[in-house]
Structures are given as C-alpha cells and as structure tokens.
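Asker: I'd like to go over a predicted model; first the sequence, then the structure.
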Amino acid sequence: MTESVTERPFVHFDGVQKSYDGETLVVKNLNLEIAPGEFVTMLGPSGSGKTTCLMMLAGFEAATHGEIYLKGQPINNVPPHKRNIGMVFQNYALFPHMTVAENLAFPLQVRRMRRRDVKDKVARALGMVQMDDFGNRKPAQLSGGQQQRVALARALVFEPELVLMDEPLGALDKQLREHMQYEIKHIHEQLGVTVVYVTHDQSEALTMSDRIAVFDDGVIQQLAPPADLYERPDNAFVAQFIGENNRLPGKVTAIENGVARVALDQGPDVLALAVNCGEVGNRTVLSIRPERVQVNNVTGSNRLDGHVRELIYLGDHIRCRMQVCGRDDFIVKVPNSPEHAMLREGETCTVGWETDDCRALDLAPGAM
Amino acid sequence: MTDATATHGPDGLLLASDGTPLKTKLRQSMKASRRRAFGLVLPLLLFVLASFVIPIIMLLWTGVSNDTYASNMPRSAPLLRAWDGASQPTEEMAEAMVLDLIDARKAKTIGKVASRVNREQSGTRSLYTKSARRAAKMEAPFIDALVKADKDWADPETWRATKIAATSLTPAYYAAALDYKYTADGEFVEQSEERQIHVKLFWKTIWVSGAVMLFCLLLGYPVAYLLSHLPAKKANLLMILVLLPFWTSLLVRTTAWIAMLQSQGVLNDIFVWIGITGDEQRFSLIYNLTGTLIAMTHILLPFMILPIYSVMRAIPPSHVRAAKSLGATNWTAFWRVYFPATIPGIGAGGLLVFILSIGYYITPALVGGQDGQLISNFIAYHMQKSLNWSLAAALGGILLAIVLVLYWLYDRIVGIDNMKLG
C-alpha cells in the first residue's frame, strides 16, 4: 500500500468475491483499501468487474463472499439507504417529475430536515455547481452538462463522506467531459470527500485520481498513482491498457541486478528492466512507450534498425509507424521541433531506447 | 458565410437567394412531401369518415329529430305546428287529420304514426288506429265526426301530444333521456318518481365503470410491476398469459364466467367443499351486479396492464437506486420516485378501461341479470325492442358527451400529453 493509506482505511474491501450465476466469478478476491479524502478510480474495460464493485459498495449488489467495511464497520447487511453514500449515476438518474430544486431537496427531505435548512442547503449546493438560476427547471429542460452538475450537486447536498461515481461523464461530448473532469476534481479538493470513481476512459482516470485501480477479469491488475501506472506498469495488460505501448516478444536469456537480457524473436539481444518476466528461459514481452523511443541520435544501450512505413502529421508531434524486428506496428512519436530528425516514408533509420524505459513483462493472454 | 446569402425583403421577411420570401419557398418545398403523406392516409381517412364520423353525426341528428309523423301525415303536421296548443282545435286541423288518417291507413303507415304519438301520451295508439279505420266514412264537420269515433278527440291533451309528435326537430328525446318530459308548451317537467330511470342508470354505469377501473388497477399494477422486473424470457412467457384472453372470443370468456360463478358452478362448489358456506346458502355471484363487476374486470384487465407495463419498462432502474442511495427507504423510493413515473401508464390504462366499460354491452347483458344492466343495455333495448331509435340516439349522445367531458377533465388534471399507451 502507498503511504496515503492511514492506519485505518475509510473503505476496505476484504477478500470480496461476486458471482451472478454460481459458475463464474465476476469479481475475484478483491482487496482494496481507500484512505479518507482519497480519489480512487476503478478503471477497466467493460465486463472487468469495476461497476459490480461499485454497486456492492453502494449496496445494490450483495457480495457473494468477503466483507466490505466502511469506517471500520462491516456494511454487507446495511441496506443502501442507511449507508449514507452519495452516488452519481451513468445517466444522471435525475427524477424527471421533480424540478432541479426538488431533486436536490429529496435526500434532505427523507432525512426529515427542517424546511428552512433544506432551502439553504439546496441553494448552496446549486451555487457550488454554478446552477443557481436553474432551481425551477425540470431535468428535461437542461443540457447534458447541466444535468450532470445537478446530479453531482444532488449526490453531495446531504454531505456524505463517500461519493461514488459510475461513469458520470460518459454521455458528454469531449470538450465538456474535460471541463467537468476539472470541476469534479476541484469540488473533491474543496470538500475533502472520499470519491470512488468508475470509468473506462483512461485519460479521465489519469486526470482526476489520486490512485487508480486497473481492473481486468475481476482482478485488480495494478493499484497505483497515475504517474506510476503509466511509467511503471506491472504487467502487459496495464501497459497495453494505459496509453500507447510498443510490444516486442522475446525470450529471457539472463537476469542481472534487475536487468534482463532478452533475445528478440526477430532481432538482436536487448536489455530491459526485469519487472514481471519470470525466470531465465521464459517468454516475455518488452514494453516501450512510443515517446521514449529515440530516433537516429540514440543514446540508449539498445539499438535496432527501423523502416519508416507511415507518417501522420499531428501538429505537436509526428506519429511514425515503423517496421522493427519484423513487426509492422512499432509506433514512434517524434516531437515536432527543429532539432529533431525529419523522417520520410520508406527510409531506414536507427531506433533505440534506454534500458530504464523498456520493461520486460508477462505474456498477457491475447496481448500478442 | 457572409450576409449576402440572407437578405431581408421590404417587410423584413427573410428572402431566399432568388428573391422570394423564405417562408413561401419552404412551403413550396414541403408541398410534395405533404401531398404524399396525405395520399397515404387518404384511404383510412375516407374509411373513418364513412364508418365513424358520418354515423356519429347521424346518431346525434336522430337524437333531436324524428319525422315519422311529419312525413306520413303531411297535411295535419304544419297546421299542428302552427297551432298554439291552448285554443280549441279548429275544423281545418280536424279535416287535415281525417284526410291524413285515410292516406296513412292506405299506405299502411298508420301503425308507425300511432306508436309515435303514443310515446307522447300513452293510450293514443288505439285511438289513432280506431279513428283511421272509420276515417273514410267521416263527413264534415270533422271535429264532431272524430269525437263521435272516439271521445278522446275532445280532449285538448290528445291534440297537444300530436303537436309534439308533429314537430320533427325536438329536444324531447334528450329530455326523456334525462328523465324530463317536454310538454307542448315548450316546458321541461320532471318525470314522475317511478319513471325516472335514465339518470340513475347513468350514475350506476359511471360508478360501475369506476369500480371496474379501480379493480383493474389494483390487480393489474402488481402484475405489470412483476412483468417489467422479470428477465426478458420469463416476462415474455407471462406476457402471453396476460394476452391470452385477447385470443379468446369475448363471448367464450363471458360464458366461461357463467360456468365458474353460477350457484352450482365451480367457485361455489369449492366454497361448499372447503366449508366457507353451506350447501343451502350458496353465494349468488352471477346474474347480478357482482357478476358484471367480476367478468368486466377480468375482460378489461389487459387494457390496464399493457400501458402500465410499457411505461414501467421504460423507467430506468437507476432512478429507484438513486432514490435509495439518497437515503429513501424502499417505500419512499417507490412512492415518491417510481409511482409518479408510472402515472402516465395508469392514466392511459384507467381512461381506456373506463371508456371501454362505460359503453360495455355484451358482458352485462349475459351475466348482469336484473341489477347488473348498464346504460348500453338500455340503449340496445330501445334499438331492438321498443324501436325508439331517437331515445336510443339521445342516450348514446349523452354517453358520448360524458366520455368527452371525462376526457377533458383528464386533460385538465393529468394532461393528455402525459399519457402513454405503449
């Protein structure tokens, strides 16, 4: 665990398993501790079990095995309405027959709060999401972004300590989505609530989270802060899922001080960090980020020949598809700056990388 | 884009690039598609016009007009209409009456005329048929001749009743349908106590329809809820069970209820068998109001379930979850979030069941017995037995008005755009 988790976690999944049909596990032995005030994102492809985890935390699904603790108390048998957890749903789930203000007043009314307090809190919550003038509108009269803000305000208006968000920005267009990401991040910082956020969009996860749990096949593949996740993926799935990633298959021939010598299938021996490649003799996949590949003036210890197949001009950088070691999908991002080599299609050049930038990982199923 | 493409005419209207106003241009471009759309609905429009709109207009017209007398007694009718109803009948009227009676007897229409007048005053049928037989031999002065044939002709009431019958366009039928009597002086008088049956029957029809609607709602709502929350496979199977009654003839279903409910029927046998009631005191579940209520509720139930089901299926499960996550108990989440969302379905189903049952005829006729008869059975009686088509039309017209008023009320209270049929 990282140091952000204090002695008593705020949310604690302890060996949680979930099965819907009694034959397959959707969530396999989940252990996760979340510190108070933390922003944790569950990231993964659809069907990876991340939403199921969120629903178990909210109380809409029962864990088949294991226990979930909230502030040290087991909550498996606490019904959803007694958990005091705010939740933002994928399609906002605003009540269409109530106005915005009534929607926000709902959680306060069911808590039998005094009418004047309700009014104050609703006004404050609307102010927080800059929707002061929309209290009398019906949800259908709002744009997607505005509905999103109302849903957010409704999940926060009763001051829960934990807020769950289930792909809340999925239905928004790209620009608005990015804007809302910052807004949610700021509200989180401002209020200090604990947030558990579910998404399949990696850039969203990287932007907002303190820590990201990458889910696949019902298992957390890696739990780490965004930078670690991108720079130091633990396994081939994470490397492939987060950001772009060049993969070169090979065989481990030696391991020394954490550095593995790998014989590429169609090329020379190269050096890579031995992260998750097992013993000598194992098959492995090397993972190199496209922006860490050096072209022509190579300083790293690894050098290979590359044949330029395709160039795509993207303004700030040029995306170059090369043939390296017999593979046609080797991507290099060449920054668009004067000191950098200008490449031409059909040209042959030298590519290389530092040993630290190349990670020898497991053979993920389907990765090759 | 520059402003050159959007020029304004002298009256400030936006102009298309060739100088014609944009609105005209738009209308022209829409014309072809409008014409095609109209062409597609034209057959249906003609069908509805011929089979629905025109009959309804004719029905409403029949309710206020009856020219049986005027067309068969052409000489006396205008004179009677001109008569003030208070003074003594004149010799001229009597002469016209005698000549008409002779003609009507020859044309064999005297029976129709007699029963028409008889409706205004009972006992006049025999007066007319008797007088018509003797009319050929009558001689002036005709007043005396008529009185000689039957002394009722001396009674001004007879002439007044005839005057009402001679007036083709009359509110008399609507008055009768509302238990009032339209007199020759143009006044509305309440019918005597024992003849006031229509208004009572209307109220009964309304409350029976309301009760059927309520029972359908109470029985159908949970079924619709279950259907919409089951996995698709099971829901489809159950849906077939709900729709099964639609595939069975209405008559078969109604008669099946007779087998179920009669005093020697299945239900009563079971009651006796498990000892709820003795063999001598079997429940009378049919040929009364109970039978009408049970059979109508069963037959109309799908009309309630289907709209509610289709509305429920469209409610995202996240709404109830959201309510619970916000702290609402199961009941609060249902009552404040789920139930309001189903109101369009309840409204549609309720209106459908109510309007269908307010005009229901065959089921009350078969299982209703004496006190289970509704207004439509009465209309049928006037159509088929008493042949008082105008009264039947007036009752039908009032029924139509009641339905329209309910529809209007529904629109005012719930809003017609808030209705969802599926």
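Answerer: Sure thing, it's come through. Keep in mind it's a predicted model, so treat the numbers as computed, not measured.

Asker: quick one: contacts for A:Cys320?
Answerer: A:Val295, A:Val308, A:Glu310, A:Leu311, A:Ile312, A:Ile331, A:Val332, A:Lys333, A:Val334, A:Leu343 (CB atoms under 8 Å, 6 or more residues apart in numbering or on different chains). Every residue, glycine included, has its C-beta placed from N, CA and C.

Asker: Apply 10 Å and report the result again.
Answerer: By CB atoms under 10 Å, 6 or more residues apart in numbering or on different chains, the contact list for A:Cys320 reads A:290, A:293, A:295, A:306, A:308-312, A:330-334, A:343, A:345, A:349, A:351.

Asker: could you flag which of those are buried?
Answerer: Buried members of these, scored by 16 or more other CB atoms under 10 Å in any protein chain shown, are A:290, A:293, A:295, A:306, A:308, A:311, A:330-334, A:343, A:349, A:351.

Asker: I'd like the distance between the residue lying closest to B:Trp389 once chain neighbours are set aside and chain A.
Answerer: Nearest residue to B:Trp389, sequence neighbours excluded (CB to CB, 6 or more residues apart in numbering or on different chains): B:Thr62, at 5.9 Å. Counting by CB to the nearest CB, to the nearest Å, the gap from B:Thr62 to chain A is 45 Å.

Asker: So which bits of the host helix or strand of B:Thr62 are buried?
Answerer: Following DSSP states H and E, one finds B:Thr62 within helix B:54-64. Neighbour counts over helix B:54-64 (16+ other CB under 10 Å) mark B:Leu59, B:Leu60, B:Thr62, B:Gly63, B:Val64 as buried.

Asker: swap in stretch A:123-137?
Answerer: Those would be A:Ala125, A:Leu126, A:Met128, A:Val129, A:Met131, A:Phe134, A:Gly135, for stretch A:123-137 by 16+ other CB under 10 Å.

Asker: Now tabulate those residues in JSON lines and tack on pLDDT, distance to A:Pro107 and secondary structure.
Answerer: As requested, those are exported to JSON lines (pLDDT from 0 to 100; distance: CB to CB, whole Å; DSSP: H, G, I helix; E, B strand; the rest coil):
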{"residue": "A:Ala125", "pLDDT": "93", "distance to A:Pro107": "10", "secondary structure": "helix"}
{"residue": "A:Leu126", "pLDDT": "93", "distance to A:Pro107": "14", "secondary structure": "helix"}
{"residue": "A:Met128", "pLDDT": "89", "distance to A:Pro107": "15", "secondary structure": "helix"}
{"residue": "A:Val129", "pLDDT": "89", "distance to A:Pro107": "15", "secondary structure": "coil"}
{"residue": "A:Met131", "pLDDT": "90", "distance to A:Pro107": "16", "secondary structure": "coil"}
{"residue": "A:Phe134", "pLDDT": "92", "distance to A:Pro107": "18", "secondary structure": "helix"}
{"residue": "A:Gly135", "pLDDT": "91", "distance to A:Pro107": "15", "secondary structure": "coil"}
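
Asker: Looking at those, which one is closest to chain B?
Answerer: Nearest to chain B among the buried residues of stretch A:123-137 is A:Ala125, at 12.5 Å by CB to the nearest CB.

Asker: got the contact list for that closest one?
Answerer: Counting by CB under 10 Å, 6+ apart, A:Ala125 makes contact with A:101, A:104-105, A:108, A:131, A:149-150, A:152-159.

Asker: if you set the cut-off to 8 Å instead, what comes out?
Answerer: Counting by CB under 8 Å, 6+ apart, A:Ala125 makes contact with A:Leu104, A:Ala153, A:Arg154, A:Leu156, A:Val157.

Asker: Same list (the buried residues of helix B:54-64) but as JSON lines, adding pLDDT.
Answerer: Shown next, in JSON lines, are these (pLDDT from 0 to 100):
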{"residue": "B:Leu59", "pLDDT": "88"}
{"residue": "B:Leu60", "pLDDT": "89"}
{"residue": "B:Thr62", "pLDDT": "88"}
{"residue": "B:Gly63", "pLDDT": "88"}
{"residue": "B:Val64", "pLDDT": "89"}
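
Asker: quick check, nearest of the residues you listed to chain A?
Answerer: When the buried residues of helix B:54-64 are compared for distance to chain A (CB to the nearest CB), B:Leu60 wins out at 39.4 Å.

Asker: how much space is there between the closest one and B:Ile398?
Answerer: B:Leu60 sits 11 Å away from B:Ile398, going by CB to CB, to the nearest Å.

Asker: what does A:Glu347 give?
Answerer: On the measure of CB to CB, A:Glu347 and B:Ile398 end up 93 Å apart.

Asker: Give the residue from the two that has the larger number of neighbours.
Answerer: The residue with more neighbours, out of A:Glu347 and B:Ile398, is B:Ile398; 18 against 13, by other CB atoms under 10 Å in any protein chain shown.

Asker: Excluding chain neighbours, what is closest to the more buried one?
Answerer: B:Ala177 (5.6 Å).

Asker: I'd say the one you found and B:Ala393 touch.
Answerer: No. Contact between B:Ala177 and B:Ala393 fails when scored by CB atoms under 8 Å: they sit 9.0 Å apart.

Asker: Pull up the overlap in contacts between the two.
Answerer: B:Gly63.

Asker: how deep is residue 118 tucked in, by neighbour count?
Answerer: In the absence of a named chain, chain A is used. Other residues lying near A:Val118 total 20 when counted by other CB under 10 Å.

Asker: switch to chain B, that's the one I care about
Answerer: Neighbours around B:Asn118, by other CB under 10 Å: 18.
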